[in-house]
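Chemist: Quick check, what structure comes out for this input:
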Amino acid sequence: MPELPEVEVTRRSFAPSIAGARILDVRLGKPLRWPLGLAPEALAGRAVRSVRRRGKYLLVDLSDGLLLLHLGMSGSLRFAPTDSLPAPGTHDHFDLVTTQGTLRLHDPRRFGAVVYAAGEDDPVARKLLGGLGMEPLEDTFALQAFHAGLQASRTPIKLLLLGGKLVVGVGNIYASEVLFMARISPLAPANTIGPRRAQRLYEAIRVVLAAAVEKGGTTLKDFSNADGMPGHFQLQTQVYDREGLPCTRCAAPLRMLRQGQRSTFYCSHCQRQ
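Modeler: Below you'll find the predicted structure:
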């Protein structure tokens, strides 16, 4: 599943190229998770102002309204000159044709979405964005507020991070890496994490996610950015998918457990509750 680093890498790969473009046409394939919310032809003539990110949503600001894009479980975007793209295939479900190229959503499992909203105050946008936590790579990610959020929950810390209501973007791979860097057990109740460990965790979140963005995200199966380039963060993971291999700190065998139907990788020696 594309997480914050993959979505941010995708945004950076096409945002400068599409800014200022005028929409010529919108082509829809099979239905996605939610309907577009207006007739596709109504978007023709509008200009693309910019592309932002909020959590795992891309916000395409238009001269009138905005599009909220979510990549779901298996989605990816491609932006290229319109005449260089092949005809839409079976898993191509949305084409935004502009004067500067075509933005295409490819999504084999169709859990992704493209939704129109009149603005961020639109009930549609508030429903999708209103419950999202702090952005970990922005200055608004405050240590004091983060620690207060930890103290307010008894949920195991790995599951709290995955929930996205306290801080967004710490997906499954990154949560395992973050907790290893912070030397915190994934089973530790969030409210048992004191100020010192909370600061380590806060710093680890920023370091790991920033490194993942720098490496182009993580490509385990088929993720690529809007230029078709894969990510490389998977080449430097310390614990994820390394069950039974020696810990890079203490050489003890790394372990795997299931939390919320997701695999968690950790070192039981280095990461204590």
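
Chemist: so how far is the helix ranked longest in the chain off the chain centroid?
Modeler: With secondary structure taken from DSSP state H, the chain has its longest helix at helix 195-214. Distance, stretch centre to chain centre, for helix 195-214: 16 Å (CA atoms, centre = their mean, to the nearest Å).

Chemist: for that helix, which positions count as buried?
Modeler: Residues of helix 195-214 classed as buried: Arg197, Ala198, Arg200, Leu201, Tyr202, Ala204, Ile205, Val208, Leu209, Ala212, Val213 (neighbour count, 16 or more other CB atoms under 10 Å). (C-beta placed from N, C-alpha, C; glycine too.)

Chemist: Just give me the closest of these to Gln238.
Modeler: Nearest to Gln238 out of those is Val208 (CB to CB; 9.5 Å).

Chemist: Disregarding flanking residues, what is the spatial nearest neighbour of Ser263?
Modeler: With CB to CB, 6 or more residues apart in numbering as the criterion, Ser263 has its nearest non-adjacent residue at 5.7 Å, and that residue is Met256.

Chemist: what do you get for Gly37?
Modeler: Tyr116 (4.1 Å).

Chemist: hang on, the earlier thing: quick check: what element follows the longest helix of the chain along the chain?
Modeler: Using DSSP states H and E, the next helix or strand after helix 195-214 towards the C-terminus is strand 255-259.

Chemist: would the residue nearest to Gly37 count as being in a helix?
Modeler: No - per DSSP: H, G, I helix; E, B strand; the rest coil, Tyr116 lies outside any helix segment and is strand.

Chemist: which residues touch it?
Modeler: Contact analysis of Tyr116 by CB atoms under 8 Å, 6 or more residues apart in numbering lists Leu36, Gly37, Leu38, Leu43, Gly65, Leu66, Leu67, Leu68, Val124.

Chemist: mind running it again at 10 Å?
Modeler: With contact set as CB atoms under 10 Å, 6 or more residues apart in numbering, Tyr116 has these partners: 26, 35-40, 42-43, 60, 62, 65-68, 122, 124-125.

Chemist: if we can go back for a sec, mind giving me the packing neighbours of the longest helix of the chain?
Modeler: Other elements packing on helix 195-214 under the criterion 3 or more CB pairs under 10 Å, 6 or more residues apart in numbering; DSSP states H and E are helix 4-18, helix 143-151, helix 157-163, helix 172-182.

Chemist: Deepest-packed of those helices, please.
Modeler: Most buried of the helices and strands packed on helix 195-214 by mean neighbour count (mean count of other CB atoms under 10 Å) is helix 172-182; its value is a mean of 25.

Chemist: so what does that one touch, helix or strand wise?
Modeler: helix 4-18, helix 157-163, helix 195-214, strand 255-259, strand 262-266.

Chemist: Quick one: distance of stretch 156-172 to the chain centre.
Modeler: 12 Å.

Chemist: Including mean pLDDT and distance to Glu135, could the helices and strands packed on helix 195-214 go into TSV?
Modeler: Below are the helices and strands packed on helix 195-214 laid out as TSV (pLDDT from 0 to 100; distance: least, CB to CB, whole Å):
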stretch	mean pLDDT	distance to Glu135
helix 4-18	94	9
helix 143-151	98	12
helix 157-163	97	14
helix 172-182	95	14
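
Chemist: Which of the helices and strands packed on helix 172-182 sits closest to Thr98?
Modeler: helix 4-18 (6.4 Å).
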